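Visitor: What would the 3D arrangement of this be:
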Amino acid sequence: MRLAAAALAAAAPVGPTRAARLPAVLAAAALAGCGGSSSDPAAPGSPAQRAPAATATPTPAPASDADQLRTLLARRAAALEAGNVRAYGATATGPQRGRDRAAARRAARLRLAGVELEPGVIDVDGRRATLRVEAPYRIRGVRGEFGGSRRVVAVRRDGRWRVRSVRGTRGLAPWEVADFAEHRSRHFVVLAPPEVPVAELLPALEAGYDRMGELLSRGVLRRRYLVVVAGDAAQAQALTTEIRGVETLAAIADATVREQGSAREVTAVASLRLLVVWPRFSALDADGRLRVVTHELTHAALAGATSGRTPAWLTEGVALYVSGDRRTPLAPPDLGALSRPAAITRLTGEAQARAYEVSAAAAFAIADAYGGRRLLALYDAFNDERLRGQPGPRLANRALRRELGITLRELELRLK
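Guide: Numbering: from 1, shown residues only. From the prediction side, this is the model:
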């Protein structure tokens, strides 16, 4: 999707498919015969023909440790998807068995699909093995694939491999963090702790979805999104990977994309979900909740059009503009410092708040002076391979000069 093609209303703008590899097995049997006299050992009725020599059946080689470990992981994935608590726990040993049973009981309450445990590097050292494992899964009724990576330690006892520990503190699946209940509405599947009053959240989500339908052209929004509600900041930290300062945010759009080319244009959005941090979100009034949902759905809707080179101030600025969240920077703005794509995700506290103020001011300044469509044209410019350069202030300056005829410094002066 090209962002420039998104239609704006009035004055306000706005998994990977796994290829199945089936082993081909070809069995060929050839029988050859020739005619001859009865004295020929191979002639009809001869002893050689009546009692053919027995062919020895080769003994299959025992499965390697790596193959046994892959089988173990496949059993774990199948048991987890099926909600089989006993079978899942049986693949582990020691204290990990109890942790696995608890996680499997929580996972059984969710409609999981496509659960896999895919080993990358397998390091076997005697009776101990260390594996880097990717753990994708899907939620029925939601497009996309979710998951993260784990470091798994397995041990071999009595000739059988079992999981001794699964290590990782971030990017965890919901059932690895806490007990989550599943709720469904027209456009959302919500996973939330039992104590969260989801009845208060669903209206805000659907209102934000309707609002986005008014702002963006048809087809931009997905039919249904996954929303994971963190009961506190610690859960939000565990559910995410690289995002910092989650304790100060009310919601986050969490996407995994595939990029290609020098422009780092997005070719696929592998996974996309919203994360709501309930303590912060619940403190907002109805208007505030609508702004937050609209903001995050803007990120979600534009995930497929957001180049890996787009400056952080522009990515956040467009979402703030679409949600009508105008802010004024209280400190001298530094757009150059916010011109790398991940610049804001690394900030916390007051620095993070100031970054949002600057981003909003920049986006509104551009829209006020040039219109919302030109703001979106600037956003889309970073997908153009003719705009050469690596992410950062120089590239942002080049895009501004090409699209709007101004420099990064001139834009900063308009914000003061």
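Visitor: could you pull out the strands for the stretch 201-350 of the chain?
Guide: 225-230, 251-260, 265-277 (DSSP state E, counting those that start in this stretch).
Visitor: Minimum distance to Ala92: which of these has it?
Guide: Ala92 lies closest to strand 225-230 among these, at 25.1 Å (Cβ to Cβ). Where C-beta positions appear, they are placed from N, C-alpha and C, glycine not excepted.
Visitor: That closest one pairs with which strands, and in what direction?
Guide: With DSSP bridges as the test, strand 225-230 is paired with strand 188-192 (parallel), strand 265-277 (parallel).
Visitor: Now the longest one: buried residues?
Guide: Within strand 265-277, the residues that qualify as buried by neighbour count (16 or more other Cβ atoms under 10 Å) are Glu265, Val266, Val269, Ser271, Leu272, Arg273, Leu274, Leu275, Val276, Val277.
Visitor: Just want the angle from that strand to strand 251-260.
Guide: Here strand 265-277 points in a direction 160 degrees away from that of strand 251-260 (axes from the mean of the first three to the mean of the last three Cα atoms, to 10 degrees).
Visitor: Would you indicate which residues of stretch 356-376 are buried?
Guide: Residues of stretch 356-376 classed as buried by neighbour count (16+ other Cβ under 10 Å): 356-367, 370, 372, 375-376.
Visitor: So which of those residues belong to helices?
Guide: Among the buried residues of stretch 356-376, the ones falling in helices (DSSP state H) are 356-367, 370, 372, 375-376.
Visitor: List just the nearest of those to Leu302.
Guide: Using Cβ to Cβ, these come closest to Leu302 at Leu376, 9.2 Å.
Visitor: after the lowest-mean-pLDDT helix or strand in the chain comes which helix or strand?
Guide: Ranking every helix and strand in the chain by mean pLDDT, DSSP states H and E puts helix 47-50 at the bottom, with a mean of 46. Stepping forward along the backbone from helix 47-50, the first helix or strand reached (DSSP states H and E) is helix 65-82.
Visitor: Restricting to C-alpha, output that next one in CSV.
Guide: Provided in CSV are the C-alpha atoms of helix 65-82 (Å, rounded to 0.1, in the frame of the first residue of the first chain):
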residue,chain,number,x,y,z
ASP,A,65,20.6,-35.8,19.1
ALA,A,66,19.6,-32.8,17.0
ASP,A,67,16.7,-34.8,15.4
GLN,A,68,15.6,-36.0,18.8
LEU,A,69,15.5,-32.4,20.1
ARG,A,70,13.5,-31.3,17.1
THR,A,71,11.0,-34.1,17.7
LEU,A,72,10.8,-33.0,21.4
LEU,A,73,10.0,-29.4,20.4
ALA,A,74,7.4,-30.6,17.9
ARG,A,75,5.7,-32.6,20.7
ARG,A,76,5.7,-29.6,22.9
ALA,A,77,4.2,-27.3,20.3
ALA,A,78,1.5,-29.9,19.4
ALA,A,79,0.6,-30.4,23.1
LEU,A,80,0.4,-26.6,23.8
GLU,A,81,-1.8,-26.0,20.8
ALA,A,82,-4.1,-28.9,21.8
